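Q: Got a sequence here, can you build the structure:
(one chain, ligands or ions: 1)
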Amino acid sequence: MNRRVFLATAGSALIAQERRLKLGLIGAGWYGIVDAQAAYKAGGVEFAAVADADTKMLDDAAALMEKAQGSRPKLTKRYEEVLETPGLDGVIIATPPHWHALPFIAACKRKLPVYMEKPLAYDIREGQAMIKAAKAAGNIVQVGFQRRQSEAFKQAADFIGSGGAGTIVQADVQIHYTAVPLDNTPQAPPPTLDWELWLGPAPKMSYSPNVGHKSWRLEKNIGNGHLVDWGIHPMDATRKALGLDMPKWVNAAGGTYLYKGRITTPDTLTAHFEFDRCPIVWRHRLWGSAEFSPETQNGVFFYGDKATVFAADQRWVVIPREKGTERQAHDIKPATDMGLKHMQEWLAAVRGQGKAGCTVEDAWKSTAMVQLGMIAYNHKRAIAWDAASAKIVGDPAAAKDLMRPYRAPYKHPFA
Ligand SMILES: NC(=O)c1ccc[n+]([C@@H]2O[C@H](COP(=O)([O-])OP(=O)(O)OC[C@H]3O[C@@H](n4cnc5c(N)ncnc54)[C@H](O)[C@@H]3O)[C@@H](O)[C@H]2O)c1
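A: Numbering: from 1, shown residues only. Predicted coordinates:
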């Protein structure tokens, strides 16, 4: 490298480090704001534009941002206008899952770096279209599986990887909590909310607080239930800890027993994911807060022939099989701020320093895995998955659920 090129490169690297990154935010609800706060905490950013389908969310976001950065971002209902902002360095997308694919693909077309919230997409084929768009763009993408930054999961995975627990024969994953369904009588949406835009490509559905902001998670058409919404985090962490790719087949059973008529996804579920190495079993009870051992209500058991390892966000415990040996509990102190670390990693990648670790291809696998679980649940039978062709085999009815038709005028991005 000659001196001029060297100085120019070093100079622009310095500018890249010091210049405030200009970000956009699409979806300014609960987690959009959590992500924006993480970006402020990481430092060196400002939000130039925000999109939301609800003007109240826009006003609240603008007030917060004006305080944090001293200037008011451009506010709009249309995500396209965020992406058109001149000089944008990156965009955070935190809309509900049915609104992930289109803004993501539009951002890729502009080669913009994206921090994309989980699950990657509402359906499996959207996710593939997103992979294709990101590949074509070569843009920087970080998907919001921030538990990848969990020190407890990392240490547990290292311990398992070094053979500390022997051969892992099964992993049990669970998050039990007490869901609180809201009023589900069809009613007019709040005047600030553009419900038609909010629904976008999803099937036409009446508004009720139970499917509105933040509560859409247990609605089949939007969040597709607890396994896809929250369960996806420890399921992703388990897949990564065991170095698994995609399941060969998936089975699931359960139902809506306590909340019948109030939510449209199961309040009680067991799903079995069969991999070459070993099975992963998922369980949830959305009414089960009175647990025999509340400390394991949210986490993963890795059962090995030498030891069992329990891992949660900030703690992992080894329970050796041998009699007379004691449990070893490891608490992560101070607790890892996983969201901050995940955001820092993305922002550093945007500045040309390092890589964002959670790629769209890998996030698709964890997303597709749990979506297959819901397909098996809905069809009440085991589903066989062929990884090479990315197809459900031998079950045309279940295979239809790989792709949900978009509501006009929106067009499903999978060709
Ligand atoms: N990583 C995590 O731990 C984590 C935690 C919570 C939520 N999330 C994810 O974040 C995303 C948002 O979840 P949430 O809990 O904040 O939901 P939310 O309902 O609180 O917020 C979503 C926002 O998106 C807006 N919106 C809807 N359609 C839009 C559109 N076309 N353009 C712009 N804005 C639109 C809504 O009006 C709402 O304000 C989801 O994908 C969710 O899975 C991730």
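
Q: Phi first, then psi, for the closest residue to N184 other than its chain neighbours.
A: What sits nearest to N184 in space, not counting adjacent residues and going by C-beta to C-beta, 6 or more residues apart in numbering, is N210, at 3.9 Å. No exception for glycine: its C-beta is placed from N, CA and C like everyone else's. Here is the backbone geometry of N210 (degrees, to the nearest 10): phi -70, psi -20.

Q: Need the pLDDT of N210.
A: pLDDT recorded at N210 is 98.

Q: can I see the domain layout of the chain?
A: Segmentation of the chain into domains, based on automatic domain parsing, reads 3-147, 148-335+360-402.

Q: Among the ones you listed, which comes closest to M343?
A: Within the domains of the chain, the stretch nearest M343 is domain 3-147; the backing value is 4.0 Å (C-beta to C-beta).

Q: How far off centre is the closest one?
A: Here the centre of domain 3-147 is set off from its chain's centre by 15 Å, with C-alpha atoms, centre = their mean, to the nearest Å.

Q: For the stretch 151-300 of the chain, which residues score under the pLDDT cut-off?
A: Filtered on pLDDT under 70, the stretch 151-300 of the chain yields the residue ranges 289.

Q: which bits of it sit near the ligand?
A: By C-beta under 6 Å from any ligand atom, the residues of the stretch 151-300 of the chain that approach the ligand are L197, W198, G200, H213, K214, D229.

Q: Residue of the protein closest to the ligand, please.
A: In the chain, the residue that lies nearest the ligand is G29 (1.8 Å; C-beta to the nearest ligand atom).

Q: The residue nearest to that residue when sequence neighbours are not counted: neighbouring residues, count only.
A: For G29, ignoring the flanking residues on the chain, the nearest one in space by C-beta to C-beta, 6+ apart is H213 at 5.5 Å. Counted with other C-beta atoms under 10 Å, the neighbours of H213 add up to 17.

Q: helix/strand/coil for H213?
A: Following DSSP: H, G, I helix; E, B strand; the rest coil, H213 is assigned to coil.

Q: Now do the contacts for it.
A: With contacts defined as C-beta atoms under 8 Å, 6 or more residues apart in numbering, H213 is in contact with G29, W30, D54, M57, L193.

Q: Can you select the buried ones among the residues you listed for me in ChimeraX?
A: Burial among these is assessed by 16 or more other C-beta atoms under 10 Å; the matching ChimeraX selection reads:
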select :29,54,57,193
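
Q: Mind putting the contacts of H213 into TSV with secondary structure?
A: Output for the contacts of H213, formatted as TSV (three-state DSSP):
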residue	secondary structure
G29	coil
W30	helix
D54	strand
M57	helix
L193	strand
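
Q: and which of the contacts of H213 is nearest A399?
A: Distances from A399 to those, taken by C-beta to C-beta, are shortest for G29, at 32.8 Å.

Q: Which one, of the domains of the chain, ends up nearest to W346?
A: Per C-beta to C-beta, nearest to W346 of the domains of the chain: domain 3-147, 3.8 Å.

Q: Would you agree E345 is in contact with Q142?
A: Yes: with contact defined as C-beta atoms under 8 Å, E345 reaches Q142; the gap is 6.6 Å.

Q: Can you work out which residues contact both of those two?
A: Applying C-beta under 8 Å, 6+ apart, one finds that E345 and Q142 are jointly contacted by A356, G357.

Q: Settle it for me: which of those two has more neighbours?
A: More neighbours surround Q142 than the other of E345 and Q142, with 27 against 22 (other C-beta under 10 Å).

Q: can I assume the more buried one sits in a helix?
A: No: under three-state DSSP, Q142 sits outside any helix and is assigned strand.

Q: Find the nearest non-adjacent residue to R19, please.
A: R19's closest residue in space is G44 (C-beta to C-beta, 6+ apart), at 7.6 Å.

Q: can you tell me which residues contact that neighbour?
A: G44 sits next to Q17, E18, R19, R20, L21, L347 when contact means C-beta under 8 Å, 6+ apart.

Q: quick one: secondary structure of the spatially most central residue of the chain?
A: For the chain, K118 is the residue whose C-alpha lies nearest the centre (C-alpha atoms, centre = their mean; 1.8 Å). Of the three states, K118 takes coil according to three-state DSSP.

Q: Excluding covalently adjacent residues, which one is nearest to it?
A: The shortest distance from K118 to any non-neighbouring residue, by C-beta to C-beta, 6+ apart, is to G144 (4.7 Å).
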